[in-house]
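Chemist: need a structure here:
(2 chains)
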2 protein chains.
Amino acid sequence: MWLADERAVESISIGAGILGCGGGSNPYIGQLRVRQLLKERGPVTVLSAEELSDDARVMCIGGIGAPTVGIEKIRDYQSYNAYNALTGFLGSVPDALISNEIGGGNSIEPMITASLTGLPVVDGDGMGRAFPELQMKTYFIYGVPCYPLCVADEKGNSAIFSHAITPLWLERMARAVTVQMGCTACYALAPMTTQQVRTTAVLGTLTLARDLGEAVRGARSSGTDPIPAILEVCPGKVLFQGKVMDVNRRTAGGFARGSVSIDGLAAFEGERMVLEYQNENLIARRDGEVVCTTPDLITVVDTDRGEPITTELQRYGFRVTVLGFPSPEHWTRPEGLAVVGPRAFGYDLDYDPIRL
Amino acid sequence: MWLADERAVESISIGAGILGCGGGSNPYIGQLRVRQLLKERGPVTVLSAEELSDDARVMCIGGIGAPTVGIEKIRDYQSYNAYNALTGFLGSVPDALISNEIGGGNSIEPMITASLTGLPVVDGDGMGRAFPELQMKTYFIYGVPCYPLCVADEKGNSAIFSHAITPLWLERMARAVTVQMGCTACYALAPMTTQQVRTTAVLGTLTLARDLGEAVRGARSSGTDPIPAILEVCPGKVLFQGKVMDVNRRTAGGFARGSVSIDGLAAFEGERMVLEYQNENLIARRDGEVVCTTPDLITVVDTDRGEPITTELQRYGFRVTVLGFPSPEHWTRPEGLAVVGPRAFGYDLDYDPIRL
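Modeler: Okay, here's the model as predicted:
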């Protein structure tokens, strides 16, 4: 058990940006929203899955939409609205909350509702990174029902998907409503049991995000290189270093989609890396050759400061380092790859795990 | 009180086709579906609003989607699925059902659920015709809340809109989900009170539709002209007679949209009428001059047989009569015209009531 205070949330937002692979909603805006509540109402309790009581009920809270919209239409208390509509539907309240994805601002979205309800949050999430679509959750892959799920906006609209025949159908319906709601919304999922959390979630990821953020902040204050500090906390490798030359970005179908081209510097001089994304980076090509794919993590950070750069904020001229991290093992089994492997995103490629 | 048996349902479907202004879902397919159930389970009871007990709770049942899709993807028991999901959400069952719109197949959609549950249906509806969008209901105009409302498909997916800030927001969200469900679905609305039904519904419309259908069938069997028989039951006028020359039809945004051009015959020789529709006919132009607009009813029937022709089935060569009927007064007040007048559909026109 530990307390998420303002400093912890600021660190988590940096670490979650790194784990977010460019998406998961803007972590900087996310931490500003959470920190304001913590300032007013005190820290939020973080429990490990082991510390949960065996009969606890844990509600997943998350965001849905296009990050390109989320930086202009800042979230309010939508997740609390979704929580209220769903607990009203169910006639009961959960004992704890858990994040849908540790990547980006969604890592700390449950803390908004946790702060307003006094509930603890669980140290874990349903992805171990960020992915763009609802069905892409370890919870669902390993047997947690995907309904009822409530999507709510900031205006007072709420939709409860009381039954969905598959998680993919849930995604289709919830995405369509989200687009109508203004392309950004929050959701709450009917509670899981403690046993389901322990067996399906990617555990310890809030702690990992916090430690990653602390490492980056430590490197900054000591004036040392943040990249080795990141790789020490979370084993991975440098895929590329260079300067952003071209950004292709559009908001389509409720997602941010596009690509980023980076011209190499230093050891990568004369080479080019292209990253393609759907909210999150999905594939990295170095001079045309695929060097990393989903579900492995592909993240872009500012080379000097280690600050994660989300896909919606990429710009010409940024000096960046592209990092690759191995996927949580939840995704590398056949049932995981079927949902988030390269083919699930339309690439005619098999998953080839990153070699460190 | 009367019993809707197979003959009554067949007559209602003709009358509802006439009142449907070209939309409201295909009435012929609707009656086939209902008659099959009546054959197996006996007739459905129709109660007038006066016969409802004062403390009854009445659930509105309807269809949503594009009629162009509905004739290829035939509805199953979606309305019963919506009924079950909503009563599960509410924890109670209603005492009776009522139609969303008397126009087209939706006039008898509640009879599917009525037959499967044993509930009666109320002799009335929420439009007195058909309109394409959810917010276009006399219920909502005159104060009935538009939520919770459940949309369900035939596969097992259901979405409950537990709160919508306006009926228009409900339409946006429900339409988006309907498009995902395959562009045709059914819905159930949280029950109204008897008092709400009596003061907001267009009453007696199942009887009117049945009588219209009987008049058409009577004319057919006696070999007389069905047009005067229709106008005797439901006062209106002949707007045009001729031959369909051109049909422009597309399925867009969850609706059937387009126009029909008719070249005049007999008294209308040398003239042309163009009807524009969004599921239903909205405006009639005779040689370019507007002669009838929403909310007045614009309906196309086969000249010889009096059979209503819905917009999704219009074809080159049909010999047709275009009829106009005055709108129910619910729509001609300012609060009604704001939602279904010509301007609500984007026409820069004031409503000019049809003169008989």
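Chemist: CA only for contacts and neighbour counts going forward, please
Modeler: Fine.
Chemist: Quickly list the domain ranges of chain A.
Modeler: Chain A is divided into the following domains under automatic domain parsing: A:2-203, A:226-345.
Chemist: Could you list the residues in contact with the least confident helix or strand in chain A by mean pLDDT?
Modeler: When the helices and strands of chain A are compared on mean pLDDT, DSSP states H and E, helix A:67-70 comes out lowest with a mean of 84. Outside of helix A:67-70, the residues that reach it under the criterion C-alpha atoms under 8 Å, 6 or more residues apart in numbering or on different chains are A:Gly23, A:Gly24, A:Ser25, A:Asn26, A:Cys183, A:Thr184, A:Thr251, A:Phe255, A:Ala256, A:Asn279, A:Glu312.
Chemist: Quick one: the strands in the stretch 1-150 of chain A, in order.
Modeler: A:2-4, A:44-47, A:57-65, A:96-99, A:121-122, A:124-125, A:149-152 (DSSP state E, counting those that start in this stretch).
Chemist: now the stretch 151-300 of chain A
Modeler: Going by DSSP E, counting those that start in this stretch, the stretch 151-300 of chain A shows strands at A:158-163, A:184-189, A:192-193, A:202-203, A:237-252, A:255-264, A:272-278, A:280-286, A:289-293, A:297-302.
Chemist: so which of the ones you listed gets nearest B:Val260?
Modeler: Comparison of these against B:Val260 by C-alpha to C-alpha identifies strand A:237-252 as nearest, at 33.5 Å.
Chemist: Buried ones in that closest one, by neighbour count?
Modeler: Under the neighbour-count criterion of 16 or more other C-alpha atoms under 10 Å in any protein chain shown, strand A:237-252 has A:237-247, A:249, A:251 buried.
Chemist: Select, from these, the two members most distant in space.
Modeler: Between any two of these, the greatest separation by C-alpha to C-alpha is 30.1 Å, found for A:Lys237 and A:Thr251.
Chemist: Could you give the number of residues near A:Val216?
Modeler: Neighbours of A:Val216 under the rule other C-alpha atoms under 10 Å in any protein chain shown: 26.
Chemist: and it, what does it touch?
Modeler: Shown in contact with A:Val216 (C-alpha under 8 Å, 6+ apart): A:Ile14, A:Pro226, A:Ala229, A:Ile230, A:Arg305, A:Gly306, A:Glu307.
Chemist: how much space between the spatially most central residue of chain A and A:Leu3?
Modeler: Geometric centre of chain A, nearest residue: A:Gly103, 2.3 Å, by C-alpha atoms, centre = their mean. Computed with C-alpha to C-alpha, to the nearest Å, the distance linking A:Gly103 and A:Leu3 is 20 Å.
Chemist: try A:Leu265
Modeler: 41 Å.
Chemist: Would you mind listing what in chain A touches chain B?
Modeler: Applying C-alpha under 8 Å from any C-alpha of the partner chain, we find that chain A lies next to chain B at A:85, A:89, A:155-165, A:169, A:172-174, A:176-177, A:180-181.
Chemist: and stretch A:287-300, average pLDDT?
Modeler: Stretch A:287-300 comes out with an average pLDDT of 98.
Chemist: er, stretch A:118-138 I mean
Modeler: Taken as a whole, stretch A:118-138 carries a mean pLDDT of 97.
Chemist: measure it end to end?
Modeler: Termini of stretch A:118-138 sit 26 Å apart (C-alpha to C-alpha).
Chemist: Quick one: residues contacting A:Arg57.
Modeler: Counted by C-alpha under 8 Å, 6+ apart, A:Arg57 has contacts A:Pro94, A:Asp95, A:Ala96, A:Pro191, A:Met192, A:Thr193, A:Thr194.
Chemist: how much space is there between the fourth one and chain B?
Modeler: I take that to be A:Pro191. Applying C-alpha to the nearest C-alpha, to the nearest Å, the value for A:Pro191 to chain B is 17 Å.
Chemist: Apart from its chain neighbours, what residue comes closest to that residue?
Modeler: Distance criterion C-alpha to C-alpha, 6 or more residues apart in numbering or on different chains; nearest residue to A:Pro191, sequence neighbours excluded, is A:Met59 at 4.1 Å.
Chemist: Run a quick neighbour tally on the one you found.
Modeler: 27.
Chemist: check contacts around it.
Modeler: Neighbouring residues of A:Met59 by C-alpha under 8 Å, 6+ apart: A:Pro94, A:Asp95, A:Ala96, A:Leu97, A:Ile98, A:Ala188, A:Leu189, A:Ala190, A:Pro191, A:Met192.
Chemist: same thing but at 6 Å, please
Modeler: Counting by C-alpha atoms under 6 Å, 6 or more residues apart in numbering or on different chains, A:Met59 touches A:Leu97, A:Leu189, A:Ala190, A:Pro191.
Chemist: again with A:Gly346
Modeler: Contacts here follow C-alpha under 6 Å, 6+ apart; on that basis A:Gly346 touches nothing.
Chemist: Tell me the spacing between A:Leu206 and A:Glu6.
Modeler: Distance from A:Leu206 to A:Glu6, by C-alpha to C-alpha: 14 Å.
Chemist: For the two, indicate the residue with more neighbours.
Modeler: Taking neighbours as other C-alpha under 10 Å, A:Leu206 and A:Glu6 compare with A:Leu206 leading, 30 against 20.
Chemist: Give me the pLDDT for that one.
Modeler: In this model, A:Leu206 is scored at 98, pLDDT.
Chemist: Confirm for me that it is in contact with A:Asp123.
Modeler: Yes - assessed by C-alpha atoms under 6 Å, A:Leu206 is found in contact with A:Asp123 at 5.2 Å.
Chemist: tell me how far the longest helix seen in chain A is from the chain's mean position?
Modeler: Longest helix of chain A, by residue count under DSSP state H: helix A:205-222. Offset of helix A:205-222 from its chain centre (C-alpha atoms, centre = their mean, to the nearest Å): 17 Å.
Chemist: Equivalent analysis for stretch A:88-105, please.
Modeler: Counting by C-alpha atoms, centre = their mean, stretch A:88-105 is centred 15 Å from the centre of its parent chain.
Chemist: list the buried ones in it?
Modeler: Residues A:89, A:93-105 are the ones in stretch A:88-105 that count as buried (16+ other C-alpha under 10 Å).
Chemist: again, but for stretch A:337-344
Modeler: For stretch A:337-344, the neighbour count (16+ other C-alpha under 10 Å) marks A:Leu337, A:Ala338, A:Val339, A:Val340, A:Gly341, A:Pro342 as buried.
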